[in-house]
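Trainee: For reference, the sequence and a predicted model appear below.
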Amino acid sequence: MGILTDETQRNRLISLLVKYCNKLCALLYVVGLIGFLAQAYQPLNAGTYFSENALLPGLVETELPNTLLSALTYRSELEEVMKKEPSSSPNKWVYEKFKNIGLETYAQNFSVIYPFRSFNKKVVSGENVYAILRARRAASTEALVLSVPLRPLNDKDNTGTGGGIALALGLAQEFKRKPYWSKDIIFLFTEFDHLGAMAWLDSYHQTESKFIVGNDLEARSGPIIAALNLELPLNNVKYFNVKVEGLNGQLPNLDLVNLVVRLCRRERAQVRLHNCLEDKSYIYSENGDSFDDYKKALTTMLKMMWHQASGTPTGNHGWFQKFHIESVTLEGVVKKRSYTIDINTTARIIEGVFRSLNNLLERFHQSFFFYLLPSTSRYVSIGMYMPFFGLMALCGLLKGITLWVSANESSKEVKSESNEEKSEKVASAEGQGDEQSSTEEKTKEKKEEENKETAECIPEVSKDVNVTKKENVTEDVVEESLAGKGLISIVPVMLVAIMLGWMASQGPELLTHIMPNFRIQTEDMLLFSLLAIFMSALAYPKLMKNKGSSNILSLDWQLLKSVALILQTLTFASLALFNISLSFFLTAVMVPVTVVVRPSANKCFRWLQMFALLLISPLSLMYIVGLISSWPKSSALELFLSAYDSCKLLIYLGVTDTHLFNAWTETVMTACIFPVWLLFWALPWIDVPSP
Amino acid sequence: MHNNIFFKMAASYGYEKVNTGPANMLYFTITIAFLVVFQPKDVSSNQEKVEEFFKSDHTNNWAVLVDTSRFWFNYRHVANVLSIYRSVKRLGIPDSQIILMVADDMACNPRNPRPATVFNNANQHINVYGDDVEVDYRGYEVTVENFIRVLTGRLPPSTPRSKRLLSDERSNILVYMTGHGGDGFLKFQDAEEVSSVELADAFEQMWQKQRYHELFFMIDTCQAESMFQKFYSPNILAVASSRVGEDSLSHHVDPALGVYVIDRYTYYALEFLETVKPGSKQTMSRFLKVCPKDKCISTVSTRTDLFRRNTTDTLLTDFFGGVRNVELLTETISLKKKETNVKQETCSQDSCQKLDANKKKFTFPDQFPKIYF
């Protein structure tokens, strides 16, 4: 007999579970957390390898000249052009140059409509330039993209991309002479970085966006197989960063990342992830298991997860991933007075990447789509990190189930007791009921008869009625207490929580439309409206308490917590399927608090719980993210202020991205995490009789 | 007309006649013609030489060369098969007797930096896809079904002669296969595979249908040995590039192409074949040892238990060449008349009339020859 069918066995298991639940939960959480973070330890993860046979990375020798003179000339020309007009991007110049090379060159105009009504309403319009190199002996059925963002020289926030532009021109000139292309190569230059890229991609795939409107493309090629985005400054660079994180935490196929890394290594160019220097020992096994190596790898992995969790792409490659186009960004980093990689080396790397991609016969599908990178050459696959994440998530689920079981049992006891009482009462009531009915009949008759008679009889009748009334009242009380225990009792709380979540996700935008034109920046507007909703949400247990009779927030806290925990686990588990990093961070922070929190008679404990819950509320998590991202600051005040600013910006970007690019992070936080958190927030407000 | 006369004479000497394919008949007839025309005199002392002359017992050579894999990164397999094609053609098997199956067109692949060529070496000495290549089955025509049908001769009637294996019981056949294999199978294209059992059964059918005299099976793939382990038909000599559990490795990359251009086993086999001339006395035993472990890295495996002759006495050209022995003798040889129980089926004007008298009604021949049942 299996555990599932054997009632006694099952009961024993359940009783064991209930008995050791807390210890088990703690164990699961700790094991899960440690196990997850231990994945960065070298012996526990695996070296990257190529799954796709067709790529044949680095087998082909370069056919570029030793010094790519054309790229150098373009670079110096571009520098002059950009210095002349430092505030505009060199669209015209790029367009002319590609025309001169003899490629099909087109420009695409696009405009971005601001999603919010604001006092400084602006419609941004820009121009993308793209050129198509048609493969001579193939039928334009597939394409590769080399994309470079066009940035003006005086763009303070971003580094220049002049090197990328010059290189693309130089390579286009070389590539054009070659007979071996099996796929068209599209050279794409996008204005305003992601906005231009999104507009072009939308037009290319003929998808429509409400806010980014691009003109129709004059010419296109086949489905895009892969894209490489370049962010190379005009100067020679010290090392490369390979950026992988895309929209909503999507990642490119690991084969493409491997390809870029392998070809950089082949040209002896240093390649890093998020500027993290890595030791050779860590990459090439053997002695990579020291604690120092582990610390470095863990930092790299956490940085990667941090960026993935944000759900915002780290470069222009991220927008391609939305269309199932595998893509990475190669960013060149300049260090003062030290450079190792000149434009020729970079050219060879890119040539190698494109020749390998040219060999592809099918879309990337062989290697991993879900992975974490503790280094450029080692990876943690979904099969390795998921079980540990599962343990952490299971902690909440286990507690939830245990509470459900015990809540059911206690309510059963109550029910059975009350049932006994009830049946007794029903039995007695039946007898009385007969009498009553007979009395009623009698009274009717009597009423008819004695309508005009004396009032002597009336007290007798009213006495009877009083008796039945009393009985009815007692029954009602029993039912009421039962309703307080049942699932129905927590429905109002859940409805309110979901309503508030909906408000948080829709409110800010609605407010910007409804509100009269205050002279407030949209960033502030969004933050304040969210704050308002949050503050009002904080008060909801209090309000619900006061609304009812004196009898407090009378619901089964165990049931509420159990449902909340199950909901929370469900949310995190489904979130983990598309953005493991976000899910991991949320689980790591929220689960310990939410598992522990419970109503308490002890005021001190109650306040402590409320504080902890506040700390893990979505809004304060946002602030903490702001704190971490603006960490090194001279004074504490400065830190808090800049954290406030970056938090504000974060929320603004989150909401904007949701509208412009269909990013999910903001929606997940407001519409999923926030309501679940609100359920927990109600817990400490429930009064329990002090022991 | 002359052919007819010679054939009659040959038949009267008691040699088993050739009843399929005019080309085969031509070879045989010419051989006999030489013998007859030069009327040897000294009979007894040359009897031995004649024995040696007909030692291999085969009268024609065929080759079935198969590349089963497609895609640009499998360039080497196409180069393998085309190199072997080039060698057997050079050694004398004519295009009409070679069935060449190539699963992908590397020469015209847009990724090929040198269009219309296939090289088997980074030095690019020889374009194996040169002027005179007849591919019989190409691209998606290379399927397991077509391959088995070609071997067993069960092709639809509309199939042209050039795509048929018109061998007979006096044919020596070379079967060369290359591609991606595993334990007990060889992958065809990207969709199907032929199993070792299927292949063994196909060869058995060939034997029963008297479609070969001797067969040399050569395969260059991973775990290649597994492909001949299931063979059970007589007169098969087999060599494989690797043992079960071993990978067959490629030889080198052409950096200008960016792909591996040839596999190790085939590379060393070719190196050996290049030294062989049409009249060469190289034996199969030397050919079987062509790629020792330090060169191939995988272990070359052979199977000789089904083969009746000793490999040290078997000429390489028995399988790789199409050249008949021609010796000019000044003496007369009287060839012993062999007893034959095969009915005379050809006739001259005189004898035909006699035959006509007791002419039977024609019926379709049995699928399998009766003599084996």
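Mentor: Here it is on my side, so go on.
Trainee: going forward, measure contacts and count neighbours with C-alpha atoms only.
Mentor: Will do.
Trainee: residues in contact with the residue in the stretch 1-150 of chain A positioned nearest to chain B?
Mentor: Closest approach between the stretch 1-150 of chain A and chain B, counting by CA to the nearest CA: residue A:60, at 3.7 Å. The contact partners of residue A:60, taken as CA atoms under 8 Å, 6 or more residues apart in numbering or on different chains, are A:352, A:355, B:254-259.
Trainee: does it sit in a helix or strand, and which one?
Mentor: Assigning secondary structure by DSSP states H and E places residue A:60 outside every helix and strand.
Trainee: Leaving out the residues flanking it, which one is nearest to it?
Mentor: residue B:258 (3.7 Å; CA to CA, 6 or more residues apart in numbering or on different chains).
Trainee: That neighbour - how many residues pack around it?
Mentor: By other CA atoms under 10 Å in any protein chain shown, 23 other residues sit near residue B:258.
Trainee: Next, please give the residue ranges for the strands of the stretch 101-250 of chain B.
Mentor: B:137-138, B:171-178, B:181-182, B:185-188, B:192-195, B:214-220, B:236-240, B:250-254 (DSSP state E, counting those that start in this stretch).
Trainee: Now do the longest one against strand B:236-240, angle only.
Mentor: Note on geometry: by axes from the mean of the first three to the mean of the last three CA atoms, to 10 degrees, strand B:171-178 and strand B:236-240 are set 20 degrees apart in direction.
Trainee: chain center to strand B:171-178: distance?
Mentor: 4 Å (CA atoms, centre = their mean, to the nearest Å).
Trainee: Give the buried residues for that strand.
Mentor: For strand B:171-178, the neighbour count (16 or more other CA atoms under 10 Å in any protein chain shown) marks B:171-178 as buried.
Trainee: Tabulate those residues (CSV), appending pLDDT.
Mentor: CSV is the format used below for these (pLDDT from 0 to 100):
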residue, pLDDT
B:171, 89
B:172, 91
B:173, 94
B:174, 94
B:175, 95
B:176, 95
B:177, 94
B:178, 94
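Trainee: will you turn those into TSV that also has distance to chain A?
Mentor: Conversion of these to TSV gives the following (distance: CA to the nearest CA, whole Å):
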residue	distance to chain A
B:171	40
B:172	38
B:173	34
B:174	31
B:175	28
B:176	24
B:177	21
B:178	18
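Trainee: out of those residues, who's nearest residue B:133?
Mentor: Closest approach between these and residue B:133, by CA to CA: residue B:176, at 16.6 Å.
Trainee: ok, the closest one touching residue B:62?
Mentor: No: assessed by CA atoms under 8 Å, residue B:176 is found out of contact with residue B:62, at 11.2 Å.
Trainee: Mind checking the strands of the stretch 101-250 of chain B for the one nearest to residue A:628?
Mentor: The nearest among the strands of the stretch 101-250 of chain B, by CA to CA, is strand B:250-254 at 50.2 Å.
Trainee: residues touching the residue nearest to residue A:60, list them.
Mentor: A:56, A:58-61.
Trainee: now with 10 Å?
Mentor: Residue B:258 makes contact with A:55-62, A:355-356, A:359, B:73, B:111-113 under the criterion CA atoms under 10 Å, 6 or more residues apart in numbering or on different chains.
Trainee: how much space between the closest residue in space to residue B:117 that isn't next to it in sequence and residue A:163?
Mentor: Distances taken as CA to CA, 6+ apart put residue B:107 closest to residue B:117, at 5.0 Å, once the chain neighbours are dropped. As for residue B:107, its distance to residue A:163 is 37 Å (criterion: CA to CA, to the nearest Å).
Trainee: Between these two, which is the more surrounded one?
Mentor: residue A:163 (28 against 19).
Trainee: Do I have it right that the more buried one meets residue A:78?
Mentor: Yes: contact criterion CA atoms under 10 Å: residue A:163 and residue A:78 qualify, at 9.0 Å.
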